[in-house]
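# Fold the following.
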Amino acid sequence: MPQDNASYDDAETGDAAGWHATVLTLYPDMFPGPLGTSLAGRAMVKGLWSLDAVQIRDFAEGKHRNVDDTPAGGGAGMVLRPDVLARAIDHTTLEGDTRPRILLSPRGKPLTQKKVRQLKDAGGAVLLCGRFEGVDQRVIDGRDLEEISIGDYILSGGELGAMVLLDAVVRLLPGVMGKEASGEDESFESGLLEYPHYTRPSVWEDRPIPDILSSGHHGNIAKWRHQQAVALTGERRPDLYEAWAKTRKKP
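Residues are numbered from 1 along each chain as shown. Sure, this is the predicted structure:
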């Protein structure tokens, strides 16, 4: 049935092996967008991951191919129809497809680095991009959609949220980043925000690099970085600091 779906598998080999994302959207032309550049873009060319952008409207029926309707019980806006979405989901998730099904939604659970790592190990994901007032609850329940939010704010649709999620996952896939440790030291991986970074020149506008970083003593440098991470987290994200501190308490 679908005619305008865009597939972005390995451009050189045609190999769709690796982590595979299916994005259900009313705006497939938005993909891959920024995901086709930099780390994610190079990883796609290497065949480390692939992406299908599926046009939801292809699964609508009738002369006008409506994908939405007015809210039951009244109210503003329009709601995406469950029958249309179910056909799109069923068409793109064949029998045996165990990839998690995710609805990008402002009422979903927050996207965390822990969740990103879980998705990285899932072999791929099916992402439904909401639009208008929302999605009929029956398709959320009937197709076991997990609602995920990228923050406490409202966007025009789920497409940008899907890109955020995909970028976070793809960069963790084996072979994407040049050095595995570069991902391990980043914000949230240890439960803390990342420490400050410095590079050349050694003095800039009368601001020198901290002496400890030029000492060559790796143990002291690691200790300083940890102290900085703890201090920054306590100042900027007391919620993260409290959670981290609880894990440090001895029983």
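
# Show me where the protein dips below the pLDDT cut-off.
1-17, 179-188, 250-251 (pLDDT under 70).

# Can you list the residue ranges for helices in it?
38-45, 82-92, 113-120, 137-142, 159-170, 181-184, 218-236, 238-248 (DSSP state H).

# now those as a markdown table including mean neighbour count?
Heads up, the C-betas are built off the backbone N, CA and C, glycines and all. Putting the helices of the chain into a markdown table (neighbours: other Cβ atoms under 10 Å) gives the following:
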| stretch | mean neighbour count |
| --- | --- |
| helix 38-45 | 18 |
| helix 82-92 | 19 |
| helix 113-120 | 16 |
| helix 137-142 | 15 |
| helix 159-170 | 22 |
| helix 181-184 | 10 |
| helix 218-236 | 14 |
| helix 238-248 | 12 |
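
# could I get these as a markdown table with distance to Ala60?
Below are those laid out as a markdown table (distance: least, Cβ to Cβ, whole Å):
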| stretch | distance to Ala60 |
| --- | --- |
| helix 38-45 | 29 |
| helix 82-92 | 5 |
| helix 113-120 | 29 |
| helix 137-142 | 14 |
| helix 159-170 | 18 |
| helix 181-184 | 41 |
| helix 218-236 | 46 |
| helix 238-248 | 42 |
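
# Of all these, which one comes closest to Ile209?
helix 218-236 (11.6 Å; Cβ to Cβ).

# Which elements pack onto the closest one?
Under the contact criterion of 3 or more Cβ pairs under 8 Å, 6 or more residues apart in numbering; DSSP states H and E, helix 218-236 touches helix 238-248.

# Between helix 218-236 and the helix it packs on, find me the angle.
If you take axes from the mean of the first three to the mean of the last three Cα atoms, to 10 degrees, helix 238-248 sits at 130 degrees to helix 218-236.

# which residues touch helix 238-248?
Applying Cβ atoms under 8 Å, 6 or more residues apart in numbering, the set of residues contacting helix 238-248 from outside is 188, 190-193, 230, 233-234.

# Thr25: which of these is nearest?
Closest approach between the contacts of helix 238-248 and Thr25, by Cβ to Cβ: Phe188, at 27.3 Å.

# Relative to Met30, which of the helices of the chain is closest?
Met30 sits nearest to helix 159-170 of all those, at 5.0 Å, using Cβ to Cβ.

# No more questions from me, cheers.
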